[in-house]
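J.: how would this look folded up:
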Amino acid sequence: MGTWKHPAGGSERLYINSTVFGEKYGYLNLNVANLNFVADHPLKPKANEIANFIQNIILKEKSPVMSAFTWLSQYTAAVSQPGIEKLLENTKSKEDFQVIIPFTNNVIEVISNVLDSNLVNFTPSQVKEAQNFCNDKAEFISKIEKGYGAPLPPVCIPEIMNLFTKIRNEEDTYKAIYRLSIIGVVDDYTVDYNSKTISAHISKKPQGHYTLKLKEYLLQYNSPEKTDEKLERLPFYKGNTEIQKCLGFLIKFVYEETAIQRRAAIDAMEEACIIGLEENGSQKFKEFIDLYMNSKYARPQYLPSDTERGLKADFSIVEKYMNLVSKEVGEINNFKHLRGAATRLLVQRPDNFVFILLKSFSVILIEKENEDFIKEAQTDFIKGFLKAQETTKEDIYTLKQKVDTFKAKVNGFDLEAVEKIEEVESALYLNLHSNWLTNFNNKFANNYA
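T.: Residues are numbered from 1 along each chain as shown. Here you go, the predicted structure:
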């Protein structure tokens with residue numbers, strides 16, 4: 001199909017042609033409200049049915065205030081324009097420009113055409129239904145065959161598999177625009193729900209701009225030192241340009257960060273459920289949820305302030321709160337508040353050893369009779385100090401002093417609880433020495449390779 005407008009104005013048409021069979025069916029008159037169909041002679045089989053189908057789509061999808069020609073031209077322009085990187089690389093293009101991006105591309109229709117050319121009657125809506133919630137090429141083929149009721153011709157399967165990876169739906173488009181905005185490729189954008197397009201405003205940037213914007217984003221989740229350490233790996237990411245490398249880095253970071261945070265949230269809710277199964281579990285469950293949501297130590301002036309919203313990790317903060325719970329009125333209740341705050345803040349910053357160690361400290365003193373929670377506290381004790389060593393790069397002797405401080409604080413509250421810490425202390429030092437030996441061997445191998 002193709003649109004045509006008379007150079008002198010007036011006639012606006014949509015020609016209906018078959019690229020598969022090389023036939024011309026006629027055209028729709030876009031100047032009239034009902035898009036009158038003018039058929040070619042002789043009349044081709046099913047020409048009127050095809051024209052009616054196209055008429056209904058246009059009248060249903062376009063905005064009432066927009067002409068059919070304008071609506072079709074906008075979509076055609078968006079599909080045929082060069083990609084964003086091509087426009088940025090073009091020395092003859094403007095310093096700033098606008099790109100029209102449809103909510104979806106036309107790959108669904110292309111797949112339907114490929115099937116049709118192989119005598120498989122499968123409409124675009126059926127292809128879309130098969131693609132929904134499907135992330136695997138083989139699964140996609142299987143769902144098409146199930147919907148069709150027979151195996152597909154082997155000759156068309158490789159092409160359909162290749163096309164499957166190119167499908168872009170509305171959600172994909174929004175994700176892409178958001179990511180391009182984060183690294184500074186897209187300056188601003190406007191969503192037009194009538195034409196189902198996004199108008200992206202883009203300007204050329206100097207080398208290094210996208211890396212700088214990526215760094216600004218990472219600083220929302222990591223300390224400056226950790227951010228710089230992560231960005232050292234940026235040059236090794238796949239891609240031929242700064243934009244491609246930054247996008248690859250961003251996608252990996254977002255999915256890894258999201259996975260860790262979701263795991264922490266699931267662990268917190270699992271903990272609440274286990275508590276709910278205990279004697280008087282209903283009351284304990286309510287208390288856990290209340291302290292998870294409303295712990296006083298999660299208020300802005302406490303842990304969020306001391307850790308700079310989780311970006312800062314220092315053992316002195318751990319010491320401060322181990323002392324604070326005994327100084328403030330209501331010691332046992334304070335342990336519960338500390339547990340709630342640490343559990344909640346870990347969902348946002350799962351790698352901050354301050355929260356890991358404070359959770360271990362509070363749980364081992366609260367849940368003395370629950371073996372499952374004791375094991376969890378022991379695991380957090382090991383994990384917390386391993387994270388502390390990884391973050392601070394301190395030697396084992398210095399870290400041992402902090403372990404001794406931690407044990408002394410636990411011992412000051414409960415002699416039996418400190419024994420649970422000592423049960424796994426040797427496992428911690430074994431991990432620390434193993435990590436040191438691995439790092440030493442790597443450095444030695446690099447120096448003498």
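
J.: only C-alpha atoms for contact and neighbour calcs from this point on.
T.: Noted.

J.: What are the buried residues along the helix or strand containing Asn52?
T.: Assessed by DSSP states H and E, Asn52 sits inside helix 47-61. Neighbour-count burial for helix 47-61 flags Ala47, Asn48, Ala51, Ile54, Gln55 (criterion: 16 or more other CA atoms under 10 Å).

J.: Find the residue closest to the last one in space, skipping its chain neighbours.
T.: Read that as Gln55. Distances taken as CA to CA, 6 or more residues apart in numbering place Leu35 nearest to Gln55, at 6.5 Å, with adjacent residues excluded.

J.: I'd like to know how far that neighbour sits from Asn370.
T.: Distance of Leu35 to Asn370, computed by CA to CA, to the nearest Å: 74 Å.

J.: Which one of those two is surrounded by more residues?
T.: Leu35 (21 against 13; other CA atoms under 10 Å).

J.: Could you look up the SS state of the more buried one?
T.: coil (DSSP: H, G, I helix; E, B strand; the rest coil).

J.: Show the contacting residues for it.
T.: Leu28, Asn29, Gln55 (CA atoms under 8 Å, 6 or more residues apart in numbering).

J.: Give me the phi and psi angles of Val186.
T.: phi -90, psi 120 (degrees, to the nearest 10).

J.: what are the bridge partners for it, then?
T.: Val186 forms beta bridges with Ile202, as assigned by DSSP bridges.

J.: burial measure for it, as a count.
T.: Val186 has 20 nearby residues by other CA under 10 Å.

J.: what's the answer for Glu159, then?
T.: Other residues close to Glu159 by other CA under 10 Å number 12.

J.: residue ranges with poor pLDDT in the protein?
T.: Within the chain, the ranges that satisfy pLDDT under 70 run 1-11, 18-22, 63, 65-66, 70-71, 73-82, 328-330, 440, 442-449.

J.: How is it divided into domains?
T.: 2-80, 107-167, 295-448 (automatic domain parsing).

J.: quick one: terminal-to-terminal distance for the second one?
T.: Spelled out, that is domain 107-167. End-to-end distance for domain 107-167, by CA to CA: 5 Å.

J.: how distant is it from the center of its chain?
T.: For domain 107-167, the distance from its own C-alpha centre to the chain's C-alpha centre is 27 Å (CA atoms, centre = their mean, to the nearest Å).

J.: now do stretch 226-234
T.: 19 Å.

J.: before we move on, back to that, just say which of the domains of the chain is most tucked in.
T.: Most buried of the domains of the chain, by mean neighbour count (mean count of other CA atoms under 10 Å): domain 295-448, with a mean of 17.

J.: Any idea how far it is from the middle of the chain?
T.: The answer for domain 295-448 is 29 Å, by CA atoms, centre = their mean.

J.: circling back: how about the domains of the chain in TSV, adding distance to Thr91?
T.: Shown next, in TSV, are the domains of the chain (distance: least, CA to CA, whole Å):
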stretch	distance to Thr91
domain 2-80	20
domain 107-167	28
domain 295-448	41
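
J.: To Glu225, which of those lies closest?
T.: Shortest distance between Glu225 and the domains of the chain, using CA to CA, is found for domain 295-448: 9.4 Å.

J.: mind checking how far the residue nearest to Gln55 is from Leu72?
T.: 13 Å.

J.: tell me the helices in the stretch 201-350 of the chain, going along the chain?
T.: 209-218, 224-231, 242-276, 281-294, 303-306, 315-327, 331-348 (DSSP state H, counting those that start in this stretch).

J.: quick one, which of those helices is nearest to Phe385?
T.: Of the helices of the stretch 201-350 of the chain, nearest to Phe385 by CA to CA is helix 315-327, at 9.6 Å.

J.: Does anything pack onto the closest one? Which helices or strands?
T.: helix 331-348, helix 353-366, helix 396-413 (3 or more CA pairs under 8 Å, 6 or more residues apart in numbering; DSSP states H and E).

J.: Same list as before, those helices that is, but in CSV and with distance to Cys273 included.
T.: Rendered in CSV, the data for those read as follows (distance: least, CA to CA, whole Å):
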stretch, distance to Cys273
helix 331-348, 14
helix 353-366, 15
helix 396-413, 26
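
J.: Can you tell me which of these is nearest to Ile317?
T.: Nearest of the helices and strands packed on helix 315-327 (CA to CA): helix 353-366, 6.9 Å.

J.: Just the CA trace of the closest one, in CSV.
T.: C-alpha atoms of helix 353-366 as CSV (Å, rounded to 0.1, in the frame of the first residue of the first chain):
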residue,chain,number,x,y,z
PHE,A,353,26.7,-4.2,55.1
VAL,A,354,25.3,-1.8,57.7
PHE,A,355,21.8,-3.1,57.2
ILE,A,356,22.9,-6.7,56.9
LEU,A,357,24.8,-6.7,60.2
LEU,A,358,22.1,-4.7,62.1
LYS,A,359,19.5,-7.3,60.9
SER,A,360,21.8,-10.1,62.0
PHE,A,361,22.3,-8.4,65.4
SER,A,362,18.6,-7.8,66.1
VAL,A,363,17.3,-11.2,64.8
ILE,A,364,19.8,-13.2,66.8
LEU,A,365,18.7,-11.4,70.0
ILE,A,366,14.9,-11.5,69.3
